[in-house]
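Student: I would like the atomic coordinates for the input below:
(chains A and B)
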Amino acid sequence: MVTSDIKFDIQSLNVRFAGVQAIKDLTLQVYANEIFTIIGPANSGKTSFLYSLNRLNDLNTTFRLTGTVRLDNMDIYLNYDVALLRKRVGIVFALPAPLPLSIFDNIAYGPRMHGLKNRGKLMEIVEKSLIEAYLWEEVKDRLNTPAFNLSGGQQQRLCIARNLAVNPEVLLFDEPTSGLDPISTAKVEDALRLLKQKYTIILVTNNVAQAARVGDRTAFFLMGELIELDETNKIFTKPGEKRTEDYITGKFG
Amino acid sequence: MNYRAHKLKEAVIEKIILLSGITSIVIVLLIFIFLLKEGLSLFSSVSIKDFIMGRNWYPISNPPQYGILPLIMGSILVTVGAAVLSIPVGIGSALYIAEIAPQKTREILKAGIELLAAIPSVVIGFIGMITLSPLIKNLFHLPTGLTALSGAITLAFMAMPTIVSIAEDAITAVPRQYRDAAMAMGATRWQTTWRIVAHAARPGMIAALMLGIGRVIGETMAVMMVTGNAALIPHSILQPVRTLTATIAAEMGESVQGGSHYAALFAIGIVLFIITFLINGVADIYLHRNRKKGLK
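Tutor: Residues are numbered from 1 along each chain as shown, chains lettered A, B, ... in the order given. Modelled structure (predicted):
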């Protein structure tokens, strides 16, 4: 199930914000075409880790990083074009963040920004992205209506489609269903399973059951440290660490 | 205090607040009625068309001619000139303050711009008359430096604080998620600022422009001092002009109360009132337009 191509190779990663350590000496690999889920209580460094992978932490002036993050064996903190990196590594935030545009323009925004003008080509990309994000059937008749009119779950899948439109290789998800109802959540999860075939997915989730449902491998973070990393089945049936078991079974966190 | 006293107190306070609430509306209505009452009598002797489209403003010749087209043209020329100068600089400075400037620079710039708003218009007019008009006279080899251009430049300074502070508020109010989303798709900082932030803040920025322009149209003192006050239809921005406001201010003292000249000045007031009312109305529509209704 899991191929052994390494997509992200993280070695001895330390992240600090204003001197406070958010991630401690983290080493792990993410393989191509897997759903890599990260679970852990609040303040365990999950989001900081995610933001380190496409350098969104750079926007915070107190951010300091040591160690290496390699994408396809290239250090992304060493002479790497940040705009290109963020194109290759897309992110979907916890709260759906559609732009104040129509559905079509939301998705065409990325390709347009990177220079594509041809309306037919744009339409092709919009359709393909929406199909991949599992949203096409629901919106194909109203592409020119404002994206804000969509429901929360649809907005979240729109944000996924928007990322897909710029041809990423990795998709980061930061608690993408924390604000959604169970049915919308199920639809986003369906989209994730489809996406795995083409993309590498890293999913941070507060919902332990979600990790069990969609993850191939699962990492458990606690206070900025990686406690355990294994096949999702194993983490949930026979965790190697007492703290992992306590968290999964709801004894703390 | 017992229950009834409480209730009475509540009722009194409520009435007082209601009264203050409607005071401003009542005053606006009274002003408008007064303007109409004083101004409309003109149209028993002069047709509206001759008034608006008439090319000659000779209020004290015999018979008098009350054509305000030159004054309207003067106001438009000065206003458009001021808008062309102040809009790009105002929006640019709002974007710089809100998006790019470091914290300290931002504070200094904002204080400076507020200070600019606090300078009395007569002082700005005075400075324009002393420094700007000789400069324009020498630069373009004109017989006089008191031109529409001098007025436009002077007024641009006066519109700037309004434009910058309201536009800056609109830009700052753009949700962070938009910026994050744009960044996450690989937008550079400039692409994010221009295509997302400026786009989302557009209603507020348009409102800022309208309010700035509204201020320019209504301004009297500075413009009277630097535009030369010739009631002629201008053919270039380097000619003297006279605006609607300046005409009222300059001639009100010498008109006979109740006479046709007096009525004509009030009729000009009506025209100004309608223009500023329209501009403020448009600004209001943009200011209150729901951002959530996707903009296109």
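Student: show me what residue of chain A gets nearest to chain B.
Tutor: Nearest residue of chain A to chain B, counting by CB to the nearest CB: A:Pro146, 2.6 Å away. (C-beta placed from N, C-alpha, C; glycine too.)
Student: from A:Asn163, how far off is that residue?
Tutor: Using CB to CB, to the nearest Å, A:Pro146 is found at 20 Å from A:Asn163.
Student: over to A:Thr47. Which of the three states is it?
Tutor: helix (DSSP: H, G, I helix; E, B strand; the rest coil).
Student: okay, it: pLDDT?
Tutor: pLDDT recorded at A:Thr47 is 91.
Student: A:Met1 now?
Tutor: pLDDT, A:Met1: 43.
Student: do the one 4 residues further on as well
Tutor: According to the model's per-residue confidence, A:Asp5 sits at a pLDDT of 87.
Student: before we move on, back to that, correct me, but the residue of chain A closest to chain B touches A:Leu99?
Tutor: No - using CB atoms under 8 Å, A:Pro146 makes no contact with A:Leu99, being 10.1 Å away.
Student: neighbour-wise, which of the two wins?
Tutor: A:Leu99 (25 against 19; other CB atoms under 10 Å in any protein chain shown).
Student: residues contacting that one?
Tutor: A:Asp105, A:Asn106, A:Tyr109, A:Ala147, B:Tyr178, B:Ala181, B:Ala182, B:Ile196, B:Ala200 (CB atoms under 8 Å, 6 or more residues apart in numbering or on different chains).
Student: what residues are up against B:Glu251?
Tutor: B:Pro59, B:His261, B:Leu265.
Student: can you count the residues close to the first one?
Tutor: This points to B:Pro59. B:Pro59, neighbours per other CB under 10 Å, totals 19.
Student: before we move on, what about the last one?
Tutor: Neighbour count of B:Leu265, defined by other CB under 10 Å: 23.
Student: then the second one?
Tutor: Per other CB under 10 Å, the neighbour tally for B:His261 reads 19.
Student: next one: it from B:Trp194, what distance?
Tutor: Distance from B:His261 to B:Trp194, by CB to CB: 52 Å.
Student: kindly report the same for A:Pro239.
Tutor: 50 Å.
Student: before we move on, the earlier item: between the contacts of B:Glu251, which sits nearest chain A?
Tutor: B:Leu265 (46.4 Å).
Student: domain map for chain B?
Tutor: Under the assignment named as automatic domain parsing, the residue ranges that make up the domains of chain B are B:3-44, B:51-288.
Student: which of those is buried the deepest?
Tutor: Mean neighbours per residue, mean count of other CB atoms under 10 Å in any protein chain shown, is largest over the domains of chain B for domain B:51-288, with a mean of 19.
Student: contacts for stretch B:32-43?
Tutor: B:Phe51, B:Tyr66, B:Ser260, B:Tyr262, B:Ala263, B:Ala264, B:Phe266, B:Ala267, B:Ile268, B:Gly269, B:Ile270, B:Phe273.
Student: out of these, which sit inside helices?
Tutor: Judged by DSSP state H, these include B:Phe51, B:Ser260, B:Tyr262, B:Ala263, B:Ala264, B:Phe266, B:Ala267, B:Ile268, B:Gly269, B:Ile270, B:Phe273 as members of helices.
Student: would you reformat those residues as TSV and include distance to B:Leu155 and pLDDT?
Tutor: Below are those laid out as TSV (distance: CB to CB, whole Å; pLDDT from 0 to 100):
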residue	distance to B:Leu155	pLDDT
B:Phe51	25	90
B:Ser260	31	89
B:Tyr262	27	92
B:Ala263	28	92
B:Ala264	25	92
B:Phe266	24	93
B:Ala267	24	93
B:Ile268	18	93
B:Gly269	20	93
B:Ile270	22	93
B:Phe273	19	90
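Student: pick out the most distant pair among those residues.
Tutor: Across these, the longest distance by CB to CB is 19.7 Å; it joins B:Ser260 and B:Phe273.
Student: out of the contacts of B:Glu251, flag the one nearest to A:Glu228.
Tutor: Of those, the one sitting nearest to A:Glu228 (CB to CB) turns out to be B:Leu265, at 85.6 Å.
Student: show me the contacts for that closest one.
Tutor: B:Thr247, B:Ile248, B:Glu251, B:Met252, B:Ser255.
Student: do that again at 6 Å, thanks
Tutor: B:Ile248, B:Met252 (CB atoms under 6 Å, 6 or more residues apart in numbering or on different chains).
Student: distance of it relative to B:Met73?
Tutor: 18 Å.
Student: ok, now B:Phe51?
Tutor: 14 Å.
Student: for B:Pro161, same thing?
Tutor: Taken as CB to CB, the span from B:Pro161 to B:Met73 is 27 Å.
Student: go on, B:Trp57?
Tutor: B:Trp57 sits 11 Å away from B:Met73, going by CB to CB.
Student: likewise A:Arg119?
Tutor: From A:Arg119 to B:Met73 the distance is 43 Å (CB to CB).
Student: now A:Asn43
Tutor: 66 Å.
Student: how about A:Ala42?
Tutor: For A:Ala42 relative to B:Met73 (CB to CB), the value is 66 Å.
Student: go on, A:Leu26?
Tutor: 71 Å.
Student: before we move on, what about A:Lys140?
Tutor: For A:Lys140, the distance to B:Met73 - CB to CB - is 53 Å.
Student: list the helices and strands the one helix or strand A:Phe221 maps to packs on?
Tutor: If you go by DSSP states H and E, A:Phe221 is part of strand A:217-222. Strand A:217-222 sits against strand A:35-39, strand A:225-231, helix A:232-237, with contacts defined as 3 or more CB pairs under 6 Å, 6 or more residues apart in numbering or on different chains; DSSP states H and E.
Student: and these as a markdown table, adding mean pLDDT, mean neighbour count and distance to chain B?
Tutor: A markdown table is the format used below for these (pLDDT from 0 to 100; neighbours: other CB atoms under 10 Å in any protein chain shown; distance: least, CB to the nearest CB, whole Å):
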| stretch | mean pLDDT | mean neighbour count | distance to chain B |
| --- | --- | --- | --- |
| strand A:35-39 | 95 | 27 | 18 |
| strand A:225-231 | 93 | 18 | 24 |
| helix A:232-237 | 91 | 17 | 26 |
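Student: got the residues of chain A near chain B?
Tutor: A:83, A:86-87, A:91, A:97, A:99-102, A:110, A:113, A:146, A:148, A:166 (CB under 6 Å from any CB of the partner chain).
Student: can we see that at 7 Å?
Tutor: A:54, A:56, A:83-84, A:86-87, A:90-91, A:93, A:95, A:97, A:99-102, A:109-110, A:113, A:146-148, A:162-163, A:166 (CB under 7 Å from any CB of the partner chain).
Student: need the buried ones from those selected in PyMOL.
Tutor: Per 16 or more other CB atoms under 10 Å in any protein chain shown, the buried members of the residues of chain A next to chain B correspond to this PyMOL selection:
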select buried, chain A and resi 54+56+83+86+87+90+91+93+97+99+100+101+102+109+110+113+146+147+148+162+163+166
